[in-house]
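Novice: How does the following fold in three dimensions:
(2 chains)
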Amino acid sequence: MKMSKMFVQTLREYPSDAEVISHKMLGRAGYIKKLAPGIYTFMPLMWRVLKKIENIVREEMDNAGAQELLMPFVQPKELWEESGRWEVYGRELMRLKDRHDRDMCLGPTHEEIITSVARDALKSYKQLPVNLYQIQSKFRDEIRPRYGLLRGREFIMKDAYSFDLDEAGLDKEYENMARAYKKIFERCGLDTKMVQSDSGAIGGSVSHEFMVITDTDAGENDVFYCNDCDYSANSNHAISKLPDAVIDGKDYFNKREIIDTPNTHSIEELSKFLNIPDTLILKSLVYIVDKQPVIALIRADKAVEETKLMNAAGGIEIRIASSAEIAELMAEKGFEAVPGFIGPRGMKNIKIIADKTVRDMKNFVVGINETDKHMIGANLTDLRIDNLEYADIRLVQQGELCPQCGKPLQVTKGIEVGNIFKLGTKYSKPMNAVYTDVNGKTHPYVMGCYGIGISRTAAAAVEAHYDEHGIKWPIAIAPYHVVIVPVNINDELQMKTSEKMYHDLQAAGVEVVLDDRDERAGVKFKDADLIGFPFRVTVGKTINEGFVEYKIRETGEQKKYTPEEATLKLIGIIKAVK
RNA sequence: CGGGAUGUGGCGCAGCUUGGUAGCGCACCUCGCUUGGGACGAGGGGGUCGCACGUUCAAAUCGUGUCAUCCCGACCA
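Specialist: Predicted coordinates:
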């Protein structure tokens, strides 16, 4: 490719709306162009990167025994009603009507479609197992798209779905996919961690996410991991052992009583007023899960993990209640307490979910739905709350201990680039997707699903590989391998040398750009760094002594070679990567 | 959903307070000069100032409405 003909425009400044590194870099270097919030055009350079990632994914998926197909992007409501997700998916599902007023949606994921395809074709146990995948655009109408390609509304995804006879088959395929994913991200030049996670809207029981760990602030997930064993988990799923703390208040309170605690609206104020550690307070929080109020109980020094609570309550949407909603709830139950004095006592006909650690608390302090009062020396058994459930709803915090080996957990930010789920029969059962076994009996397929964000992976690669001058693409996913920069295009020897190298490299299968623009060297160098070619060959004055300059973008390492040496070296490196 | 801010050529911005018919840098075109880290000079093309209505002799500028975009937050009691 000749740079003079390349459809790309680099900018002098970073786009004003970009916050994170990958968005800034990809915008400024001319890789992406925004059309609407969360919706981008992939310019030719970007498209080359995406195709490289896609091809790596394809190769590894095919190697792992999966088969590629392509399903429709626009889908009819009926299938989503079969699975029950038309009602529950929420506003992320982009719904629309066709000219006949039929309800349709843009595919955010394809469990429904693949299940309907499979059930018509896979009738016999002899046909299983099968793993089908596709690479296509997805649309999710995110509340707040941001961070460029990291959280777009339209994005490219690889999604695979496996169909097995039984759990054992699924377990095997799950491991198979985990291995393929490891290879894929390794080949893309990305360091990933496979972490346990919540299974979210897709559903199912077991799931893992592949996280790119970066030092930029683009990671939207907190990942807890252990240096001493293999434990790692997304914060929405992480568990831990708690360090020792005061959880029995017998040294503080000698009997159960209700006392005045004026103006103690916060845990801090309350623990100060009573002169006790906050571990002796039971905190009561009101959440709205699928429009219904839910009371969450947790030790006051700990926080509620909303996804866990949502799952425990069996909902799909969660938020903390507004003060108006709390007032309404209080009125409904016949209390007048303001926030700060809420408690589980007397809250009938409402879900009350206590964190498991609350079980161990004794003689604690709790709100009793009376403003300016608390009960001290309380125990849950005394309170006789029959609608009380226990679940793990606690957010793990730094400093807590590994659930496997007891060493302190570490925390870091991660970008989720892939995930794998065990779906089980979540879709096959309601959609009646069954096969016939040896004995002529039918069973629903046992399914798994496996996603990779192709466009997000590209952005994550930028987050992981950049410097102040621009992108430093890993060779395997760089749009081109090499840029040749003749310093002065009017110098005959420089141009002749550059063109010979250009042709020789091309003939050997190296993807090379010749920067034949009539620009000053500085401009070409800036663009080369910004765009992020892994290698740069500069053909300048030193060619008069027979040398060109060879520079590695990643390390900044710089060497002098003859044009022939440089050509051979590059061909060797690129062959090795392929 | 709540709060804040912003909409002026492809990109980044000024002008608005105090209305008088649009400007700067980058990019683009022409000529000259220059050629190892975003040169310089001269000339040139491109915008009904988000949209609508209103006030006025006159609106990018004032008023009302509307649309869009960005950021923050979404209450840990």
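
Novice: Return the per-residue confidence for the residue in the stretch 101-250 of chain A positioned nearest to RNA strand B.
Specialist: RNA strand B sits closest to residue A:146 of the stretch 101-250 of chain A, with a gap of 4.3 Å, by CB to the nearest atom of the strand. The C-beta positions use only the backbone N, C-alpha and C, and glycine is treated the same way. Residue A:146 carries a pLDDT value of 82.

Novice: mind showing which ranges of the stretch 451-578 of chain A have poor pLDDT?
Specialist: Regions of the stretch 451-578 of chain A meeting the criterion pLDDT under 70 are absent.

Novice: quick one: residue A:331 from RNA strand B, how far?
Specialist: The gap separating residue A:331 from RNA strand B is 14 Å, by CB to the nearest atom of the strand, to the nearest Å.

Novice: Neighbours of that residue, how many?
Specialist: Around residue A:331 there are 10 other residues, counting by other CB atoms under 10 Å.

Novice: Run through the helices of the stretch 451-578 of chain A in chain order.
Specialist: Secondary structure of the stretch 451-578 of chain A by DSSP state H, counting those that start in this stretch: the helices cover A:454-464, A:492-507, A:521-531, A:563-577.

Novice: mind listing what's buried in the last one?
Specialist: Spelled out, it's helix A:563-577. Buried positions in helix A:563-577, judged by neighbour count with 16 or more other CB atoms under 10 Å: A:563, A:566-567, A:570-571, A:573-574.

Novice: mind listing the helices for chain A?
Specialist: Assigned by DSSP state H, chain A shows helices spanning A:21-28, A:44-63, A:77-83, A:85-88, A:111-121, A:167-187, A:267-274, A:306-313, A:323-333, A:380-383, A:454-464, A:492-507, A:521-531, A:563-577.

Novice: And RNA strand B, is the top strand by length along chain A touching that?
Specialist: Scanning chain A for the strand with the most residues, using DSSP state E, yields strand A:410-424. No - counting by CB under 7 Å from any atom of the strand, RNA strand B is not contacted by strand A:410-424; separation bottoms out at 14.3 Å.

Novice: can I have that strand written out in PDB, keeping just the CAs?
Specialist: Presented in PDB, the C-alpha positions along strand A:410-424 are these (Å, rounded to 0.1, in the frame of the first residue of the first chain):
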ATOM      1  CA  GLN A 410      -5.300  -8.500  45.200                       C
ATOM      2  CA  VAL A 411      -7.500  -6.300  43.000                       C
ATOM      3  CA  THR A 412      -7.000  -4.800  39.600                       C
ATOM      4  CA  LYS A 413      -9.000  -3.400  36.700                       C
ATOM      5  CA  GLY A 414      -9.800  -5.500  33.800                       C
ATOM      6  CA  ILE A 415     -11.400  -5.200  30.300                       C
ATOM      7  CA  GLU A 416     -13.700  -8.100  29.500                       C
ATOM      8  CA  VAL A 417     -12.800  -9.300  26.000                       C
ATOM      9  CA  GLY A 418     -14.400 -12.700  26.200                       C
ATOM     10  CA  ASN A 419     -16.700 -14.900  28.200                       C
ATOM     11  CA  ILE A 420     -17.800 -18.500  28.400                       C
ATOM     12  CA  PHE A 421     -21.000 -19.700  29.900                       C
ATOM     13  CA  LYS A 422     -22.500 -23.100  30.800                       C
ATOM     14  CA  LEU A 423     -26.100 -22.500  29.800                       C
ATOM     15  CA  GLY A 424     -27.400 -26.000  30.500                       C
END
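
Novice: pretty sure residue A:273 contacts residue A:261?
Specialist: Yes - using CB atoms under 8 Å, residue A:273 makes contact with residue A:261 at a distance of 5.8 Å.

Novice: Could you find the closest non-adjacent residue to the residue of the stretch 101-250 of chain A closest to RNA strand B?
Specialist: Using CB to CB, 6 or more residues apart in numbering and skipping residues adjacent in sequence, the residue nearest residue A:146 is residue A:19, 7.0 Å away.

Novice: For the one you found, give me phi and psi.
Specialist: phi -110, psi -40 (degrees, to the nearest 10).

Novice: wait, which of the helices of the stretch 451-578 of chain A is closest to residue A:400?
Specialist: The closest of the helices of the stretch 451-578 of chain A to residue A:400 is helix A:454-464. By CB to CB, the value is 27.3 Å.

Novice: returning to that earlier point: more neighbours, residue A:273 and residue A:261?
Specialist: A side-by-side neighbour count of residue A:273 and residue A:261, using other CB under 10 Å, places residue A:261 first with 22 against 15.

Novice: which one is that one nearest to, not counting chain neighbours?
Specialist: For residue A:261, ignoring the flanking residues on the chain, the nearest one in space by CB to CB, 6+ apart is residue A:374 at 4.6 Å.

Novice: What of residue A:46?
Specialist: Excluding the flanking residues, the one nearest residue A:46 by CB to CB, 6+ apart is residue A:31, at 4.0 Å.

Novice: That neighbour is in contact with residue A:42, isn't it?
Specialist: Yes - the criterion here is CB under 8 Å, and residue A:31 meets it with residue A:42 at 7.5 Å.

Novice: The two: who's more crowded?
Specialist: residue A:31 (31 against 19).
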